[in-house]
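Novice: Sequence and predicted model, in that order:
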Amino acid sequence: MKILIADPLSERGVEILENETDIDVDVNTDLSSGELIESIGQYDALIIRSGTNVTQEVIEAAGKLKVIGRAGVGVDNIDIRAATRRGILVVNTPGANTISAAEHTITLILALARNIAPANVSLREQKWERRRFLGVEIYGKTLGIIGLGRIGTEVATRALAFGMRVMAADPYIAPDHAARLDIRLVEIDEVIKEADYISVHLPLTRETHHLLGEREFAAMKDGVRIVNCARGGIYDEKALYDAITSGKVAGAALDVYEHEPPLDSPLLGLDSVLATPHLAASTKEAQINVAVEIVYQVLCALRGQPVRNAVNMPPVSPADAEKIGPYIGLAEKLGSFQSQLIEGHVTEVCIDYSGDAREHTTTMIGIALQKGLIERFLGETVSYVNAPLIARERGIKIVETKSNTVEGFSNLISVTVKTDKGEKRVAGTVFDIKDGRIVRIGDYHVDVVPQGYMLLVVSHREKPGLMGALCTLLGEAGINIAAMSLGRERIGGESVVVLNLDSVLSEEVMEQIRSLDAISEAKLVNLG
């Protein structure tokens, strides 16, 4: 079998492949996109980093390709849908650089607090400016972490050792789990208002893009310090620049940027900004770990053995996939739907299979549901392989049962997500072994196609003209309604409306919807 390494990889990884008697490995890190398309057809596996874009055209030309290995976390440079359609497995290495990223974050916090970088430059310019570079201690200060996954947890552990108080926002961490780590679990708004230092450890998704912008900076403490070793784009860089120049933010330490390299960024012209060129994972140890891990995963995939971090394909045989594939797809959408409805920190997920759904092996269905639930917040770090492990690590209890209650359907998957603020229940069914629908939201029966943008509106009482006012708002915003489903308790009572929309709603329009008389809740859900 032939493997192409198209981006620089640690020699340790290359040596492992060269010592395999059934593997031929080519290292060519200077291929243009055209050259990659021309040559990819002869390879069984492709190993890349962030420098190579595996486009649909590359995948269509890859007649023999069985696996794409991404030495690192982000897979935004791979067309996952095209790979999945062709049956090509995509694997990555989300945990191999955890320690390096955590250490870099702590390094930036310390350097920012003590003005290390500008003081170094000043002294090299033959200046002795001790008063200018008066620093602050981090002891006793509050570090706010947004995203308490592997890296966020390692950062918290190290910050606690320095005597910092740590608070964290992460909806998929059980409060008891955070308490055992001596971390105060709060909502993101509390982190923004109370923290002396704020560090994000999230993937860049639709939900996290510009998560911290003008409104959030305005709500922060005066003199707050910002750290980002995660992904560029989580902070609105213009808003950050304005917050620093106004004096609201005392300083920022950045390793990632919206556009890299950020050579034209005005942030680089500020003395209070400490900037490094995307170095969080750039240690000898991390580079070796990433290379070794991706090489072994690719070898396992080529030999039909289990892999640890499959991004796109559940480990199901073709025969089983035909039977339970529709249930897997429905379960993942139910999980994603729930993730956008719930409030608070998840403590327990109860999954009940009834009717025909309970006749199948439900393991993969449950895994798909957990993946859909957690992936919204953690992005590409969640896979079909590691979703149950991530849930366990975060203290989330998974309860699976089988029952006879189908509520008039031939099959039913019911999901109740419990948080420290309450619980939400949704249920779905598969029609004709292919057409998945959401048929219950809370106590209301509905008939909803789980796809695209969906507007969910709860009314505490039925009011004539409410639907007309809602549709008028959408029409004025240029939003087309593709489908509508209404569920209610009784005439004049509380009701829920779900609208499938052709395009996304702005926050301004959402606020107008929430202000309509009789509406108690309005949420925009995106199921892709």
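Specialist: On my side now, so go ahead.
Novice: And the residue lying closest to Phe431 once chain neighbours are set aside, how far from Asp352?
Specialist: Closest residue in space to Phe431, ignoring its immediate chain neighbours: Arg437 at 6.3 Å, by CB to CB, 6 or more residues apart in numbering. Glycine gets a C-beta too; all of them are placed from N, C-alpha and C. Separation of Arg437 from Asp352 (CB to CB, to the nearest Å) stands at 17 Å.
Novice: what does Met364 give?
Specialist: According to CB to CB, Met364 stands 16 Å off from Asp352.
Novice: all strands of the stretch 301-450 of the chain, in order?
Specialist: Assigned by DSSP state E, counting those that start in this stretch, the strands in the stretch 301-450 of the chain fall at 346-355, 397-403, 411-419, 422-431, 435-441, 444-448.
Novice: Tell me the strands beside the stretch of helix or strand Val525 belongs to, with direction?
Specialist: Here Val525, judged by DSSP states H and E, is contained in strand 519-526. Here strand 519-526 has these sheet partners by DSSP bridges: strand 453-459 (antiparallel).
Novice: Show me what the strand it pairs with is in contact with.
Specialist: 337, 341, 441, 448, 466, 470, 474, 494-505, 513, 518-527 (CB atoms under 8 Å, 6 or more residues apart in numbering).
Novice: Stretch 29-37 now?
Specialist: Taking CB under 8 Å, 6+ apart as the rule, stretch 29-37 contacts Ile5, Ala6, Asp7, Pro8, Ser39, Gly51, Thr52, Asn53, Thr55, Glu57, Val58, Ala61.
Novice: now stretch 279-289: how far from the chain's centre is it?
Specialist: Centre-to-centre, stretch 279-289 and its host chain are 22 Å apart (CA atoms, centre = their mean, to the nearest Å).
Novice: before we move on, the earlier item: okay, and the beta partners of the residue nearest to Phe431?
Specialist: Here Arg437, judged by DSSP bridges, has bridge partners Thr429.
Novice: cool, Ala483 as well?
Specialist: When assigned by DSSP bridges, Ala483 has beta-bridge partners Asn500.
Novice: quick one: contacts for it?
Specialist: Val448, Val449, Leu499, Asn500.
Novice: State the pair within the residues you listed that is farthest apart.
Specialist: The span of the contacts of Ala483, defined through CB to CB, is set by Val449 and Leu499 at 11.2 Å.
Novice: Tell me which of those two has more neighbours.
Specialist: Between Val449 and Leu499, Leu499 has the larger neighbour count (other CB atoms under 10 Å), namely 23 against 17.
Novice: how about the helices in the stretch 251-400 of the chain?
Specialist: 284-302, 318-339, 363-378, 387-393 (DSSP state H, counting those that start in this stretch).
Novice: still on that earlier bit, wait, which of the contacts of Ala483 is closest to Phe431?
Specialist: Set against Phe431, the nearest of these by CB to CB is Val449 (10.5 Å).
Novice: Distance to Ala195 and pLDDT for the contacts of Ala483 - can I get that in JSON lines?
Specialist: Listed next are the contacts of Ala483 as JSON lines, based on distance: CB to CB, whole Å; pLDDT from 0 to 100:
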{"residue": "Val448", "distance to Ala195": "39", "pLDDT": "94"}
{"residue": "Val449", "distance to Ala195": "41", "pLDDT": "93"}
{"residue": "Leu499", "distance to Ala195": "37", "pLDDT": "94"}
{"residue": "Asn500", "distance to Ala195": "39", "pLDDT": "94"}
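Novice: and the residue nearest to Phe431, what is it in contact with?
Specialist: Gly428, Thr429, Val430, Phe431, Asp447, Val448, Val449, Pro450.
Novice: Can you turn the buried subset of the residues you listed into a selection I can paste into ChimeraX?
Specialist: The following ChimeraX command selects only the buried members of these, with burial defined by 16 or more other CB atoms under 10 Å:
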select :428,429,430,447,448,449,450
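Novice: ok, of the contacts of Arg437, which one's closest to Glu187?
Specialist: Of all these, Glu187 sits closest to Pro450, with 27.1 Å by CB to CB.
Novice: ok, and the closest non-adjacent residue to that closest one?
Specialist: Lys333 (4.1 Å).
Novice: Distance check, the one you found against Lys221.
Specialist: 40 Å.
Novice: Settle it for me: which of those two has more neighbours?
Specialist: Taking other CB under 10 Å, Lys333 and Lys221 do not tie; Lys333 has more neighbours (23 against 17).
Novice: Would you confirm that that one contacts Glu375?
Specialist: No: between Lys333 and Glu375 there is no contact under CB atoms under 8 Å: 11.3 Å.
Novice: which SSE is Ile99 in?
Specialist: Secondary structure (DSSP H and E) places Ile99 in helix 98-113.
Novice: part of a helix, is Ala96?
Specialist: No: counting by DSSP: H, G, I helix; E, B strand; the rest coil, Ala96 is not part of a helix but coil.
Novice: so it sits right up against Glu285, yeah?
Specialist: No: counting by CB under 8 Å, Ala96 stays clear of Glu285, with 9.4 Å between them.
Novice: higher neighbour count, these two?
Specialist: Neighbours were counted for Ala96 and for Glu285 using other CB under 10 Å; Ala96 has more, 23 against 13.
Novice: How is the protein divided into domains?
Specialist: If you go by automatic domain parsing, the domain ranges for the chain are 2-94+285-302, 98-275, 314-442, 452-528.
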